[in-house]
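# Generate a structure from the sequence data that follows.
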Amino acid sequence: MSALCYLLPGILYMIDRITAVLILCLVLSIPVGMVLLFTGDVLLNFVFFYPLFMSGIWITGGIYFWLRRERHWPWGEDVPAPELKGNPLVSILIPCFNEGLNARETIHAALAQTYTNIEVIAINDGSSDDTAQVLDAMLVEDPRLRVIHLAHNQGKAIALRMGAAAARSEYLVCIDGDALLDKKAVPYLVAPLIANPRVGAVTGNPRIRTRSTLIGRVQVGEFSSIIGLIKRTQRVYGQVFTVSGVVAAFRRRALADVGYWSPDMITEDIDISWKLQIRHWSVFFEPRGLCWILMPETLAGLWKQRLRWAQGGGEVFQKNMFKLWRWRNRRMWMLFFEYSLSITWAFTYLLSVSLFLLGLVITLPPGIHVQTIFPPAFTGMVLALTCLLQFAVSLVIERRYEPKLGRSLFWVIWYPMVYWMLSLLTTVVAFPKVMLKAKRKRARWVSPDRGIGRVKP
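Numbering: from 1, shown residues only. Modelled structure (predicted):
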């Protein structure tokens with residue numbers, strides 16, 4: 001028996017590896033099967049019409065969420081934030097790694113909340129810059145600030161765990177060390193937790209601060225015309241793929257129920273979202289919980305960030321692909337199907353490009369010959385009009401929170417096309433990497449690209 005207990009982890013690991021390879025082979029074989037069973041034209045139709053189909057769903061879901069719920073919610077500078085029943089203490093957790101440039105501004109914004117019964121806990125996760133000195137200097141400025149220093153870099157998940165352990169509140173608002181909370185964000189984020197005991201997390205509404213370059217400005221379109229509509233649509237059918245890692249509120253009891261954040265997942269926000277919902281906790285989207293964030297402004301920084309996001313989605317897929325088939329987890333099937341379809345689309349597009357390039361070199365059978373990787377004129381026009389419609393819908397909805405959004409019109413309208421191409425490339429790189437990867441290790445911080453103007457001289 002003792003020998004079996006010793007060998008069991010290794011056996012389970014080998015089964016997991018074999019299963020992951022089989023899943024990867026299945027994903028790769030689906031596009032090939034489409035070509036063999038049908039034609040290259042069917043392949044291209046799926047490639048071109050899948051983004052159109054998903055955009056239609058997001059537009060419809062966003063409009064429904066707005067008409068049914070959001071437009072009835074009061075909002076404005078002169079509108080007071082909701083009162084929290086019982087005036088509970090709220091803990092704001094700010095994990096910091098090499099945030100010497102940003103920590104002071106971030107903490108000041110957190111302490112400036114209109115809801116005053118708060119404590120702010122900054123966790124210095126073994127920073128190698130002057131983050132520790134900045135945090136210690138701020139301790140004397142406000143008694144509501146507390147600081148935790150970790151001797152070595154342990155990763156964001158561990159930093160959040162340490163902050164949660166030190167927090168005195170049932171309600172935890174978690175933000176990044178370079179994010180600026182809107183002054184009324186805390187009551188908006190916490191109110192759904194108080195109103196509904198089955199809500200385990202509330203994701204906020206991040207807004208882009210870095211707009212000094214084309215890459216920075218074009219990402220405004222992502223958070224306005226895509227991510228916002230996706231979250232609204234997912235709330236309509238009940239499940240959210242991920243809370244925003246940069247601004248989210250959690251119920252401590254829900255976190256304890258699922259074992260808090262996983263230290264071996266590269267995107268702790270996606271993982272905690274699935275863990276909560278698999279345990280039947282609801283995740284709510286609160287568009288009035290605003291938070292201003294820094295984003296990459298270089299191609300290298302953007303690629304690195306999105307590759308990490310794609311890898312995180314793959315890790316969650318691999319981790320949960322068996323338990324999701326249980327009947328009690330049927331509420332997650334829609335998310336699982338949506339993600340699986342997006343993976344299939346990415347590899348289908350890759351196969352289409354491969355067949356097109358191969359056809360330039362050798363003569364392929366007519367059934368698998370791909371004449372072009374660009375959409376036909378009519379299809380292209382429909383895709384372009386859909387992008388414009390998607391932006392128009394998001395502009396009507398999001399201008400409520402960002403009145404000057406229309407100034408980014410020229411840059412924003414093109415992002416849906418950029419989004420799909422970026423999603424394609426990161427998926428075909430990250431998904432095989434996850435499936436073929438050895439056992440997951442501790443996910444630790446790497447200082448990201450936060451914009452041209454945020455580099456220390």
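# Could you use CA atoms for every contact and neighbour count after this?
Noted.
# the strands in the stretch 151-300 of the chain, which residues?
Along the stretch 151-300 of the chain, counting by DSSP state E, counting those that start in this stretch, strands occupy 171-175, 180-181, 199-208, 247-251, 282-293.
# any idea of the mean pLDDT for the second one?
If I follow you right, that is strand 180-181. Strand 180-181 carries an average pLDDT of 96.
# sorry, back to before: now tabulate the strands of the stretch 151-300 of the chain in a markdown table and tack on distance to residue 158 and mean neighbour count.
Supplementary listing: those in a markdown table, determined by distance: least, C-alpha to C-alpha, whole Å; neighbours: other C-alpha atoms under 10 Å:
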| stretch | distance to residue 158 | mean neighbour count |
| --- | --- | --- |
| strand 171-175 | 13 | 26 |
| strand 180-181 | 22 | 27 |
| strand 199-208 | 18 | 25 |
| strand 247-251 | 16 | 26 |
| strand 282-293 | 22 | 23 |
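# Please dump those strands into TSV; it should also carry distance to residue 87 for every row.
Listed next are the strands of the stretch 151-300 of the chain as TSV, based on distance: least, C-alpha to C-alpha, whole Å:
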stretch	distance to residue 87
strand 171-175	12
strand 180-181	20
strand 199-208	18
strand 247-251	16
strand 282-293	18
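# For residue 269, which of those is the nearest?
Comparison of the strands of the stretch 151-300 of the chain against residue 269 by C-alpha to C-alpha identifies strand 247-251 as nearest, at 9.1 Å.
# what angle do the closest one and strand 282-293 make?
With axes from the mean of the first three to the mean of the last three C-alpha atoms, to 10 degrees defining the directions, strand 247-251 sits at 140 degrees from strand 282-293.
# angle of strand 247-251 against strand 171-175?
160 degrees.
# neighbouring contacts of strand 247-251?
170-176, 189-190, 193, 199-206, 291 (C-alpha atoms under 8 Å, 6 or more residues apart in numbering).
# Also stretch 107-122?
87-96, 135, 144-148, 163, 167, 180-187.
# 7 Å instead?
Under the contact criterion C-alpha atoms under 7 Å, 6 or more residues apart in numbering, stretch 107-122 has outside partners 88-96, 144-148, 163, 180-181, 183-184, 186-187.
# Among these, which are located in helices?
163, 186, 187 (DSSP state H).
# what residues are up against the first one?
Meaning residue 163. Taking C-alpha under 7 Å, 6+ apart, one finds 93, 121, 123 in contact with residue 163.
# one more time with 10 Å
Residues in contact with residue 163 (C-alpha atoms under 10 Å, 6 or more residues apart in numbering) are 91-95, 120-123, 146-148, 157, 172, 174.
# Residue 419: which of the residues you listed is nearest?
Out of those, the member with the shortest distance to residue 419 (by C-alpha to C-alpha) is residue 174, at 26.6 Å.
# Looking at the ones in helices among the contacts of stretch 107-122, which is nearest residue 433?
For the ones in helices among the contacts of stretch 107-122, the nearest to residue 433 is residue 163 (31.5 Å; C-alpha to C-alpha).
# separation between residue 84 and residue 190?
8 Å (C-alpha to C-alpha, to the nearest Å).
# Now list the buried members of the contacts of residue 163.
Buried by 16 or more other C-alpha atoms under 10 Å: 91-95, 120-123, 146-148, 157, 172, 174, out of the contacts of residue 163.
# got any ranges where the protein has weak pLDDT?
Residues of the chain that meet the criterion pLDDT under 70 lie in 1-41, 221, 406-417, 438-457.
# what about 50?
455-457 (pLDDT under 50).
# which SSE is residue 340 in?
Residue 340 belongs to helix 333-361 when assigned by DSSP states H and E.
# so what does that helix touch, helix or strand wise?
helix 2-37, helix 40-68, helix 299-320, helix 415-435 (3 or more C-alpha pairs under 10 Å, 6 or more residues apart in numbering; DSSP states H and E).
# elements contacting the second one?
Applying 3+ C-alpha pairs under 10 Å, 6+ apart, one finds that helix 40-68 contacts helix 2-37, helix 228-236, helix 333-361, helix 377-398, helix 415-435.
# The second one vs helix 333-361, what angle?
Angle of helix 228-236 versus helix 333-361, following the same axes, to 10 degrees, is 140 degrees.
# buried ones in helix 228-236?
228, 229, 230, 231, 232, 233, 234, 235.
# Same check on the last one?
Neighbour-count burial for helix 415-435 flags 415-416, 423-428, 430-432, 434-435 (criterion: 16+ other C-alpha under 10 Å).
# Distance from the chain centre to that helix, please.
Offset of helix 415-435 from its chain centre (C-alpha atoms, centre = their mean, to the nearest Å): 14 Å.
# Could you name the helices and strands sitting against it?
Looks like helix 415-435 contacts helix 2-37, helix 40-68, helix 214-221, helix 299-320, helix 333-361, helix 377-398 (3+ C-alpha pairs under 10 Å, 6+ apart).
# Looking at those helices, which is nearest to residue 127?
Of the helices and strands packed on helix 415-435, nearest to residue 127 by C-alpha to C-alpha is helix 299-320, at 19.9 Å.
# roughly how far is the closest one from the heart of the chain?
Using C-alpha atoms, centre = their mean, the offset of helix 299-320 from its chain centre is 9 Å.
# What angle do helix 415-435 and that helix make with each other?
Taking the same axes, to 10 degrees, one finds helix 299-320 and helix 415-435 inclined to each other by 50 degrees.
# List the buried residues for helix 299-320?
In helix 299-320, the ones that count as buried by 16+ other C-alpha under 10 Å are 301-302, 304-318.
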